[in-house]
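**Q** Predicted model follows, preceded by the sequence.
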Amino acid sequence: MSEKIIYLLQRILRKTWWRCALFSLFAVLAVVLSTVLGPYIAQDVALKLGSDSIDSLLNILASSMLTVAIFSASTMVSAFGAVANSATPRASQLLIEDTTIQNTLAAFIGAFLYSVIALVGLHAHIYGDGGRLVLFGFTVAMLLLVVIVLLRWIDYLSVLGRLGETIRRVEAATIKAMNQRLEKPFLGGQRQPPGARGANEVMATTTGFVQHVSMDLLQTRAKQLGAPLHLHVLPGAFVEPTMALASSDGPLDDDARKAVQDAVLMGPGRTFDHDPRFGLVVMGEIAARALSAAVNDPGTSFDVLATGVKVLGHWSAERQRHDAAGQPVVAFEDVTVPGLREAGMLEDVFTPIARYGAEAVEVGITLQRALRSVSRLGGDLPEAARVLSRYALERAAHGGLGEGDLALLRAAAEGH
């Protein structure tokens with residue numbers, strides 16, 4: 001199966017509607033099974049086990065589940081708005097795709113649909129005594145499921161939409177994307193030599209952000225061309241019709257160009273999937289909003305700084321571990337891919353703090369300490385940390401700080 005199809009299926013599976021449809025399908029199957037299995041149960045057994053109480057149970061379930069489902073949906077929307085206002089609208093994407101929220105809403109809607117369909121069949125007299133007993137068993141199981149989901153939902157509401165929890169979610173999504181990239185540092189292709197570019201280019205057809213690159217489709221086309229394909233964009237890159245997606249020295253007809261364009265999936269915004277830098281950008285946005293005059297919450301910027309150091313430390317340690325293990329497996333030998341720019345990862349999260357926190361000496365000192373920690377990591381991060389440290393000092397010098405505060409910043413910056 002093509003990587004593009006797998007990616008699109010994964011995106012669909014993160015939507016709320018399919019979970020609701022799946023739970024609702026189970027509810028309908030439970031009602032149907034009650035009519036099928038009912039004749040196999042003796043009538044006296046059904047009467048002894050109290051299947052007559054099913055009517056009242058279903059009424060309670062139907063009336064309560066509609067209210068709970070509406071309340072949960074409104075709470076979910078409120079949480080999305082809270083995250084967008086307190087952190088950044090980009091972080092609300094993680095809540096929208098949260099499996100706990102989706103499963104909770106789907107369970108409530110499925111229980112409501114089950115009870116309504118069961119009541120319709122009950123009043124239409126399609127169940128015998130045996131069928132009512134089977135329906136009673138399914139209803140008890142549904143009630144237990146609802147209680148478990150409701151208890152979990154109540155506990156979950158205590159952290160839903162909190163700023164600290166949002167930062168933790170962004171951190172987890174970033175680390176996941178980093179691990180994916182470290183497993184395939186060049187998306188499974190060959191390392192692209194500096195300045196590699198073919199004579200024939202494939203231009204973008206629209207304006208947007210690269211969300212996914214189907215390397216298997218590019219490999220197939222490169223085999224047909226008999227020449228390597230050079231990919232010039234990575235997931236997260238902004239492209240428009242004057243920019244090249246890929247190039248090759250082989251002849252590119254309209255079919256070949258269309259195949260390469262189809263392999264690069266674009267959308268109106270960036271996603272956390274396969275894009276490690278997007279999570280760092282979101283962290284920087286959260287800190288920038290916290291440092292605005294309207295919010296004035298330097299403590300959140302401290303949390304972002306600590307998270308940024310942790311995430312970059314994870315990247316550095318895992319990259320060194322992968323480098324020690326040897327060359328990565330190349331699955332698409334006819335496609336060259338540029339590497340991820342490590343200095344850009346540092347800039348994504350720390351530059352907004354250096355810019356918007358230039359007037360706060362406590363933010364500047366914490367930033368310098370964080371950059372000192374990053375400077376002890378490997379790769380291109382140490383030099384990037386030193387450059388950003390000098391930039392932060394320049395911003396602070398023009399931010400109106402007194403000479404005493406500047407002296408404290410310079411002291412904190414020592415050691416870069």
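**A** Thanks, I have the structure now.
**Q** Check whether the closest residue to Ser248 other than its chain neighbours sits in a helix, strand or coil.
**A** In space, Ser248 comes closest to Gly198 once its chain neighbours are excluded; the distance is 4.1 Å by C-beta to C-beta, 6 or more residues apart in numbering. Just so you know, the C-beta spots here come from the backbone N, C-alpha and C atoms, and that holds for glycine as well. Per DSSP: H, G, I helix; E, B strand; the rest coil, the local secondary structure of Gly198 is coil.
**Q** contacting residues for Gly198?
**A** 227-230, 246-250 (C-beta atoms under 8 Å, 6 or more residues apart in numbering).
**Q** Just the buried ones out of those, please.
**A** The neighbour-count criterion (16 or more other C-beta atoms under 10 Å) marks 227-230, 246-248, 250 among these as buried.
**Q** Dump the residues you listed into TSV; add pLDDT and distance to Gly399 as well.
**A** Written out in TSV, the entries for these read as follows (pLDDT from 0 to 100; distance: C-beta to C-beta, whole Å):
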residue	pLDDT	distance to Gly399
Ala227	88	53
Pro228	90	49
Leu229	92	47
His230	94	43
Ala246	93	44
Ser247	92	44
Ser248	91	49
Gly250	85	54
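**Q** so where's the protein uncertain?
**A** 1, 38-53, 128-130, 415-416 (pLDDT under 70).
**Q** what's the domain layout of it?
**A** Each structural domain of the chain that the record assigns through automatic domain parsing is listed here as a residue range: 15-161, 172-176+273-329+340-413.
**Q** Now those domains in a markdown table, please, with extra columns for mean neighbour count and distance to Gly189.
**A** Formatted as a markdown table, those follow (neighbours: other C-beta atoms under 10 Å; distance: least, C-beta to C-beta, whole Å):
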| stretch | mean neighbour count | distance to Gly189 |
| --- | --- | --- |
| domain 15-161 | 17 | 27 |
| domain 172-176+273-329+340-413 | 19 | 10 |
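**Q** nearest to Leu218, of those?
**A** Among those, the nearest to Leu218 by C-beta to C-beta is domain 172-176+273-329+340-413 (14.6 Å).
**Q** For the closest one, measure first residue to last.
**A** Taking C-alpha to C-alpha, to the nearest Å, domain 172-176+273-329+340-413 runs 29 Å from one end to the other.
**Q** what's the answer for stretch 193-212, then?
**A** Its start and end residues considered, stretch 193-212 measures 22 Å (C-alpha to C-alpha).
**Q** Assign the closest residue to Lys176 other than its chain neighbours to helix, strand or coil.
**A** Spatial nearest neighbour of Lys176, chain neighbours left out: Phe272 (7.6 Å); criterion: C-beta to C-beta, 6+ apart. Three states are possible here, and by three-state DSSP the one that applies to Phe272 is coil.
**Q** Is Phe272 in contact with Phe278, as I believe?
**A** Yes: because the distance of 5.7 Å satisfies C-beta atoms under 8 Å, Phe272 is recorded as touching Phe278.
**Q** Would you mind pulling up the elements that the longest helix along the chain packs against?
**A** Assignment by DSSP state H gives helix 54-86 as the longest helix of the chain. Using 3 or more C-beta pairs under 8 Å, 6 or more residues apart in numbering; DSSP states H and E as the contact criterion, the secondary-structure elements in contact with helix 54-86 are helix 92-96, helix 99-123, helix 129-156, helix 163-183.
**Q** ok, now with 7 Å
**A** The contact analysis (3 or more C-beta pairs under 7 Å, 6 or more residues apart in numbering; DSSP states H and E) places helix 54-86 against helix 92-96, helix 99-123, helix 129-156.
**Q** just to revisit the earlier point, can you lay out the domains of the chain as a markdown table showing distance to Ser214?
**A** Below are these laid out as a markdown table (distance: least, C-beta to C-beta, whole Å):
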| stretch | distance to Ser214 |
| --- | --- |
| domain 15-161 | 21 |
| domain 172-176+273-329+340-413 | 11 |
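**Q** Of all those domains, which one comes closest to Pro235?
**A** With respect to Pro235, and counting by C-beta to C-beta, the nearest of the domains of the chain is domain 172-176+273-329+340-413 at 4.3 Å.
**Q** hang on, Gln190 in a strand?
**A** Yes: read with three-state DSSP, Gln190 is one of the residues of a strand.
**Q** Apart from its neighbours in sequence, what residue is nearest it?
**A** Of all residues apart from its sequence neighbours, Thr336 sits closest to Gln190 (C-beta to C-beta, 6+ apart), at 4.7 Å.
**Q** follow-up on the earlier one: now render the helices and strands packed on helix 54-86 as CSV, adding distance to Gln10.
**A** CSV is the format used below for the helices and strands packed on helix 54-86 (distance: least, C-beta to C-beta, whole Å):
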stretch, distance to Gln10
helix 92-96, 14
helix 99-123, 13
helix 129-156, 23
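**Q** Leu252 in helix, strand or coil?
**A** coil.
**Q** Now it: closest residue in space, sequence neighbours ignored.
**A** With C-beta to C-beta, 6+ apart as the measure, Asn200 is the residue that lies nearest to Leu252, at 4.5 Å, once sequence neighbours are left out.
**Q** so how far is Ala290 from the closest residue to Leu225 other than its chain neighbours?
**A** Excluding its sequence neighbours, the residue lying closest to Leu225 (C-beta to C-beta, 6+ apart) is Gly250, at 3.5 Å. Spatial separation of Gly250 from Ala290 under the definition C-beta to C-beta, to the nearest Å is 51 Å.
**Q** hang on, the earlier thing: out of the helices and strands packed on helix 54-86, the one nearest Ala343 is which?
**A** helix 92-96 (25.8 Å).
**Q** Out of the buried ones among the contacts of Gly198, which sit inside strands?
**A** Judged by DSSP state E, the buried ones among the contacts of Gly198 include 229-230, 246-248 as members of strands.
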